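Colleague: what's the 3D shape of this:
(one chain, ligands or ions: 2)
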Amino acid sequence: MNLRNKYGIPANSVITIAGTVGVGKSTLTNALANALGFRTSFEKVDTNPYLDKFYADFDRWSFHLQIYFLAERFKEQKRIFEYGGGFIQDRSIYEDTGIFAKMHFEKGTMSKVDYETYTSLFEAMVMTPYFPHPDLLIYLEGSLDDVLSRIKERGRPMEQQTPMDYWSEMHQRYENWINTFNACPVLRLNINDYDIMNNETSIEPVVERIAEFLKQSQLLKK
Ligand SMILES: Nc1ncnc2c1ncn2[C@@H]1O[C@H](COP(=O)(O)OP(=O)(O)O)[C@@H](O)[C@H]1O
Ligand SMILES: Nc1ncnc2c1ncn2[C@H]1C[C@H](O)[C@@H](COP(=O)(O)O)O1
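Modeller: Numbering: from 1, shown residues only. Ligands and ions are numbered 1, 2, ... in the order given. I've put the predicted structure just below:
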(Lines give C-alpha, C1' and ligand atoms only; values in the text may rest on other atoms or scores of the structure.)
(Ligands and ions follow the chains in the order given, each with its own letter.)
Protein backbone atom coordinates (compact mmCIF):
# COMPACT_ATOMS: atom_id res chain seq x y z
CA MET A 1 0.00 0.00 0.00
CA ASN A 2 1.45 3.40 -0.90
CA LEU A 3 1.41 6.23 1.60
CA ARG A 4 -1.33 8.04 -0.31
CA ASN A 5 -3.80 5.24 0.43
CA LYS A 6 -2.53 4.76 3.97
CA TYR A 7 -3.19 8.40 4.87
CA GLY A 8 -6.23 8.98 2.62
CA ILE A 9 -4.78 11.71 0.41
CA PRO A 10 -7.13 12.30 -2.57
CA ALA A 11 -5.66 10.95 -5.85
CA ASN A 12 -6.42 14.21 -7.66
CA SER A 13 -4.56 16.47 -5.21
CA VAL A 14 -2.22 19.14 -6.53
CA ILE A 15 0.56 20.06 -4.12
CA THR A 16 3.04 22.76 -4.97
CA ILE A 17 6.36 23.31 -3.19
CA ALA A 18 7.57 26.85 -2.65
CA GLY A 19 10.82 28.17 -1.24
CA THR A 20 13.97 30.02 -2.01
CA VAL A 21 16.58 28.81 -4.50
CA GLY A 22 18.50 25.79 -3.21
CA VAL A 23 16.31 25.09 -0.17
CA GLY A 24 15.43 21.59 -1.42
CA LYS A 25 12.20 21.85 -3.47
CA SER A 26 13.23 19.50 -6.31
CA THR A 27 14.53 16.88 -3.89
CA LEU A 28 11.32 16.99 -1.86
CA THR A 29 9.21 16.97 -5.04
CA ASN A 30 10.78 13.66 -6.07
CA ALA A 31 10.50 12.14 -2.61
CA LEU A 32 6.83 13.09 -2.18
CA ALA A 33 5.88 12.01 -5.70
CA ASN A 34 7.49 8.60 -5.06
CA ALA A 35 5.81 8.23 -1.70
CA LEU A 36 2.35 9.18 -3.03
CA GLY A 37 2.52 7.70 -6.53
CA PHE A 38 2.00 11.20 -8.03
CA ARG A 39 3.40 12.76 -11.19
CA THR A 40 5.96 15.56 -10.99
CA SER A 41 6.08 18.98 -12.57
CA PHE A 42 9.59 20.45 -12.61
CA GLU A 43 11.13 23.75 -13.63
CA LYS A 44 13.45 22.99 -16.51
CA VAL A 45 16.73 24.66 -15.65
CA ASP A 46 19.16 23.02 -18.13
CA THR A 47 17.07 23.84 -21.20
CA ASN A 48 16.08 27.37 -20.14
CA PRO A 49 17.43 29.61 -22.95
CA TYR A 50 17.55 32.76 -20.79
CA LEU A 51 18.82 31.67 -17.39
CA ASP A 52 22.60 31.95 -17.99
CA LYS A 53 22.17 35.25 -19.82
CA PHE A 54 19.94 36.54 -17.03
CA TYR A 55 22.50 35.83 -14.32
CA ALA A 56 25.18 37.53 -16.43
CA ASP A 57 23.08 40.67 -17.04
CA PHE A 58 19.90 41.12 -14.96
CA ASP A 59 18.96 44.47 -16.58
CA ARG A 60 19.03 43.09 -20.07
CA TRP A 61 17.24 39.75 -19.53
CA SER A 62 14.94 39.92 -16.50
CA PHE A 63 11.79 40.65 -18.53
CA HIS A 64 12.54 37.93 -21.10
CA LEU A 65 13.16 35.40 -18.36
CA GLN A 66 9.92 36.21 -16.52
CA ILE A 67 7.90 35.83 -19.71
CA TYR A 68 9.61 32.53 -20.42
CA PHE A 69 8.90 31.19 -16.90
CA LEU A 70 5.30 32.36 -17.05
CA ALA A 71 4.71 30.54 -20.35
CA GLU A 72 6.41 27.36 -19.07
CA ARG A 73 4.49 27.31 -15.81
CA PHE A 74 1.20 27.96 -17.56
CA LYS A 75 1.85 25.02 -19.92
CA GLU A 76 2.58 22.86 -16.90
CA GLN A 77 -0.64 24.05 -15.28
CA LYS A 78 -2.54 22.93 -18.36
CA ARG A 79 -0.84 19.51 -18.27
CA ILE A 80 -1.75 19.08 -14.58
CA PHE A 81 -5.35 20.02 -15.35
CA GLU A 82 -5.54 17.62 -18.32
CA TYR A 83 -4.35 14.71 -16.15
CA GLY A 84 -6.96 15.60 -13.55
CA GLY A 85 -4.42 16.32 -10.79
CA GLY A 86 -2.26 13.90 -8.82
CA PHE A 87 0.84 16.11 -9.05
CA ILE A 88 3.70 17.46 -6.98
CA GLN A 89 4.89 20.71 -8.48
CA ASP A 90 8.40 22.12 -7.99
CA ARG A 91 7.85 25.85 -7.32
CA SER A 92 4.58 27.73 -7.57
CA ILE A 93 3.62 30.25 -10.22
CA TYR A 94 2.99 32.78 -7.41
CA GLU A 95 6.70 33.07 -6.62
CA ASP A 96 7.50 34.37 -10.10
CA THR A 97 5.60 37.55 -9.47
CA GLY A 98 5.59 37.72 -5.64
CA ILE A 99 9.34 37.19 -5.34
CA PHE A 100 11.34 37.39 -8.55
CA ALA A 101 9.67 40.00 -10.77
CA LYS A 102 8.95 42.22 -7.77
CA MET A 103 12.50 41.99 -6.48
CA HIS A 104 14.05 42.82 -9.84
CA PHE A 105 11.70 45.76 -10.30
CA GLU A 106 12.33 47.11 -6.80
CA LYS A 107 16.10 46.66 -7.15
CA GLY A 108 16.03 48.51 -10.49
CA THR A 109 16.97 45.55 -12.71
CA MET A 110 13.53 45.48 -14.38
CA SER A 111 12.02 48.68 -15.76
CA LYS A 112 8.65 49.98 -14.55
CA VAL A 113 7.02 49.50 -17.93
CA ASP A 114 8.31 45.91 -18.22
CA TYR A 115 7.13 45.16 -14.69
CA GLU A 116 3.66 46.56 -15.40
CA THR A 117 3.41 44.62 -18.65
CA TYR A 118 4.46 41.45 -16.86
CA THR A 119 2.12 41.87 -13.89
CA SER A 120 -0.88 42.67 -16.06
CA LEU A 121 -0.22 39.53 -18.11
CA PHE A 122 0.22 37.49 -14.92
CA GLU A 123 -3.00 38.80 -13.41
CA ALA A 124 -4.98 38.22 -16.61
CA MET A 125 -3.70 34.63 -16.79
CA VAL A 126 -3.49 33.54 -13.17
CA MET A 127 -5.51 35.68 -10.77
CA THR A 128 -8.87 34.70 -12.24
CA PRO A 129 -11.58 32.22 -11.15
CA TYR A 130 -10.68 30.13 -14.22
CA PHE A 131 -7.22 29.30 -12.92
CA PRO A 132 -7.25 26.27 -10.60
CA HIS A 133 -5.16 26.98 -7.49
CA PRO A 134 -3.26 24.11 -5.82
CA ASP A 135 -4.89 22.21 -2.94
CA LEU A 136 -1.83 22.91 -0.85
CA LEU A 137 1.35 24.96 -0.98
CA ILE A 138 4.19 23.53 1.08
CA TYR A 139 6.48 26.37 2.10
CA LEU A 140 9.93 24.93 2.61
CA GLU A 141 12.02 27.01 4.99
CA GLY A 142 15.61 26.83 6.15
CA SER A 143 18.27 29.17 7.54
CA LEU A 144 20.20 31.38 5.13
CA ASP A 145 23.42 29.53 6.04
CA ASP A 146 21.91 26.13 5.20
CA VAL A 147 20.50 27.45 1.92
CA LEU A 148 23.84 29.00 0.92
CA SER A 149 25.70 25.78 1.59
CA ARG A 150 23.17 23.84 -0.50
CA ILE A 151 23.55 26.28 -3.41
CA LYS A 152 27.32 25.80 -3.15
CA GLU A 153 27.07 22.02 -2.91
CA ARG A 154 24.78 21.83 -5.98
CA GLY A 155 27.30 23.92 -7.90
CA ARG A 156 25.27 25.47 -10.77
CA PRO A 157 27.94 27.81 -12.25
CA MET A 158 25.70 30.87 -12.74
CA GLU A 159 24.49 30.66 -9.14
CA GLN A 160 28.07 30.39 -7.79
CA GLN A 161 28.96 33.67 -9.48
CA THR A 162 25.96 35.52 -8.02
CA PRO A 163 26.74 37.79 -5.03
CA MET A 164 25.65 36.56 -1.61
CA ASP A 165 23.47 39.68 -1.21
CA TYR A 166 21.17 38.40 -3.93
CA TRP A 167 20.43 35.20 -1.97
CA SER A 168 20.07 36.98 1.37
CA GLU A 169 17.67 39.54 -0.13
CA MET A 170 15.64 36.70 -1.63
CA HIS A 171 15.64 34.75 1.64
CA GLN A 172 14.23 37.78 3.49
CA ARG A 173 11.65 38.45 0.78
CA TYR A 174 10.40 34.87 0.98
CA GLU A 175 9.69 35.25 4.71
CA ASN A 176 7.73 38.45 4.10
CA TRP A 177 5.89 37.01 1.11
CA ILE A 178 4.69 33.83 2.82
CA ASN A 179 3.37 35.77 5.81
CA THR A 180 0.77 37.46 3.59
CA PHE A 181 0.23 34.76 0.95
CA ASN A 182 -3.39 33.58 0.80
CA ALA A 183 -4.11 32.20 -2.70
CA CYS A 184 -4.30 28.62 -1.31
CA PRO A 185 -3.71 26.77 2.01
CA VAL A 186 -0.07 26.81 3.24
CA LEU A 187 1.81 24.17 5.20
CA ARG A 188 5.18 25.34 6.54
CA LEU A 189 7.88 22.71 6.61
CA ASN A 190 11.35 23.26 8.01
CA ILE A 191 14.23 21.47 6.28
CA ASN A 192 15.33 20.13 9.68
CA ASP A 193 11.98 18.32 10.05
CA TYR A 194 13.01 15.50 7.67
CA ASP A 195 16.17 13.87 6.36
CA ILE A 196 15.34 12.09 3.12
CA MET A 197 18.99 11.95 2.00
CA ASN A 198 19.98 9.66 4.88
CA ASN A 199 16.68 8.16 5.90
CA GLU A 200 14.01 7.44 3.27
CA THR A 201 11.37 6.71 5.90
CA SER A 202 11.56 10.30 7.19
CA ILE A 203 9.14 11.23 4.39
CA GLU A 204 6.28 9.39 6.14
CA PRO A 205 5.72 11.96 8.94
CA VAL A 206 5.69 14.65 6.24
CA VAL A 207 2.97 12.75 4.34
CA GLU A 208 1.03 12.39 7.58
CA ARG A 209 1.17 16.14 8.16
CA ILE A 210 0.03 16.81 4.58
CA ALA A 211 -2.92 14.42 5.01
CA GLU A 212 -3.97 16.09 8.26
CA PHE A 213 -3.65 19.50 6.71
CA LEU A 214 -5.67 18.58 3.62
CA LYS A 215 -8.43 17.12 5.80
CA GLN A 216 -8.60 20.30 7.87
CA SER A 217 -8.71 22.57 4.83
CA GLN A 218 -11.44 20.42 3.21
CA LEU A 219 -13.48 20.73 6.41
CA LEU A 220 -13.00 24.50 6.41
CA LYS A 221 -14.24 24.72 2.81
CA LYS A 222 -17.54 23.02 3.70
N1 LIG B 1 16.85 17.04 2.70
C2 LIG B 1 18.07 17.35 2.23
N3 LIG B 1 19.17 17.04 2.96
C4 LIG B 1 20.38 17.37 2.50
N5 LIG B 1 20.62 17.96 1.33
C6 LIG B 1 19.58 18.27 0.56
C7 LIG B 1 18.24 17.99 0.96
N8 LIG B 1 17.39 18.43 -0.01
C9 LIG B 1 18.16 18.96 -0.97
N10 LIG B 1 19.47 18.85 -0.65
C11 LIG B 1 20.60 19.30 -1.47
O12 LIG B 1 20.53 20.72 -1.59
C13 LIG B 1 20.80 21.13 -2.92
C14 LIG B 1 19.60 21.92 -3.48
O15 LIG B 1 18.48 21.04 -3.53
P16 LIG B 1 17.33 21.22 -4.63
O17 LIG B 1 16.31 20.16 -4.33
O18 LIG B 1 17.93 21.21 -6.00
O19 LIG B 1 16.80 22.68 -4.27
P20 LIG B 1 15.77 23.63 -5.01
O21 LIG B 1 14.96 22.79 -5.96
O22 LIG B 1 14.94 24.23 -3.92
O23 LIG B 1 16.59 24.67 -5.70
C24 LIG B 1 21.12 19.87 -3.73
O25 LIG B 1 22.52 19.71 -3.80
C26 LIG B 1 20.47 18.76 -2.90
O27 LIG B 1 21.14 17.54 -3.06
N1 LIG C 1 10.74 33.72 -11.94
C2 LIG C 1 12.08 33.62 -11.85
N3 LIG C 1 12.87 34.69 -12.05
C4 LIG C 1 14.21 34.62 -11.97
N5 LIG C 1 14.86 33.49 -11.69
C6 LIG C 1 14.11 32.40 -11.47
C7 LIG C 1 12.71 32.40 -11.53
N8 LIG C 1 12.26 31.16 -11.23
C9 LIG C 1 13.36 30.41 -11.02
N10 LIG C 1 14.45 31.15 -11.18
C11 LIG C 1 15.85 30.69 -11.14
C12 LIG C 1 16.43 30.52 -9.79
C13 LIG C 1 17.35 29.35 -9.97
O14 LIG C 1 18.63 29.81 -10.43
C15 LIG C 1 16.72 28.52 -11.08
C16 LIG C 1 15.92 27.34 -10.59
O17 LIG C 1 15.31 27.62 -9.34
P18 LIG C 1 15.32 26.55 -8.13
O19 LIG C 1 14.80 27.31 -6.94
O20 LIG C 1 16.71 26.04 -7.94
O21 LIG C 1 14.39 25.46 -8.55
O22 LIG C 1 15.87 29.41 -11.76
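
Colleague: From here on, just use CA atoms for contacts and neighbour counts.
Modeller: Fine.

Colleague: Closest to the centroid, which residue in the protein?
Modeller: Centroid-nearest residue in the chain, with CA atoms, centre = their mean: Arg91, separated by 1.7 Å.

Colleague: correct me, but that one touches Ala18?
Modeller: Yes: counting by CA atoms under 8 Å, Arg91 does reach Ala18; the two are 4.8 Å apart.

Colleague: intersection of neighbour lists for the two?
Modeller: Counting by CA atoms under 8 Å, 6 or more residues apart in numbering, the shared contacts of Arg91 and Ala18 are Lys25.

Colleague: Counting neighbours, which bits of the lowest-mean-pLDDT helix or strand in the chain end up buried?
Modeller: One helix or strand of the chain scores below all others by mean pLDDT, DSSP states H and E: helix 203-221, with a mean of 90. For helix 203-221, a neighbour-count test (16 or more other CA atoms under 10 Å) marks 203-204, 207-208, 210-211, 213-214, 217 as buried.

Colleague: for those, which one is nearest ligand 2?
Modeller: Nearest to ligand 2 among those, counting by CA to the nearest ligand atom, is Ile203 at 19.9 Å.

Colleague: returning to what we had before: can you name every helix or strand that the least confident helix or strand of the chain contacts?
Modeller: Counting contacts by 3 or more CA pairs under 8 Å, 6 or more residues apart in numbering; DSSP states H and E, helix 203-221 packs against helix 3-7, helix 25-36.

Colleague: Generate a markdown table for these, with mean neighbour count and mean pLDDT as supplementary columns.
Modeller: Supplementary listing: these in a markdown table, determined by neighbours: other CA atoms under 10 Å; pLDDT from 0 to 100:
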| stretch | mean neighbour count | mean pLDDT |
| --- | --- | --- |
| helix 3-7 | 15 | 96 |
| helix 25-36 | 20 | 97 |
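
Colleague: wait, which of the ones you listed is closest to Glu76?
Modeller: Nearest of these to Glu76, taken as CA to CA: helix 25-36 at 14.8 Å.

Colleague: Quick one: distance of the closest one to the chain centre.
Modeller: Its chain's average C-alpha position is 13 Å from that of helix 25-36, according to CA atoms, centre = their mean, to the nearest Å.

Colleague: And stretch 64-72, by the same measure?
Modeller: A distance of 15 Å separates the centroid of the chain from that of stretch 64-72, by CA atoms, centre = their mean.

Colleague: List the contacts of that stretch.
Modeller: 50-51, 54, 93, 96, 101, 118, 122.

Colleague: do the same with stretch 208-222
Modeller: Where contact means CA under 8 Å, 6+ apart, the residues beyond stretch 208-222 that reach it are 7-9, 135-136, 185, 187.

Colleague: ok, and of these, which contact ligand 2?
Modeller: Among the contacts of stretch 208-222, no residue lies close to ligand 2 (CA under 6 Å from any ligand atom).

Colleague: In strands, which of those residues fall?
Modeller: Assignment to strands by DSSP state E places the following of the contacts of stretch 208-222 there: 136, 187.

Colleague: out of the contacts of stretch 208-222, which is most surrounded?
Modeller: For the contacts of stretch 208-222, neighbours were counted using other CA atoms under 10 Å, and Leu136 has the most, 21 neighbours in all.
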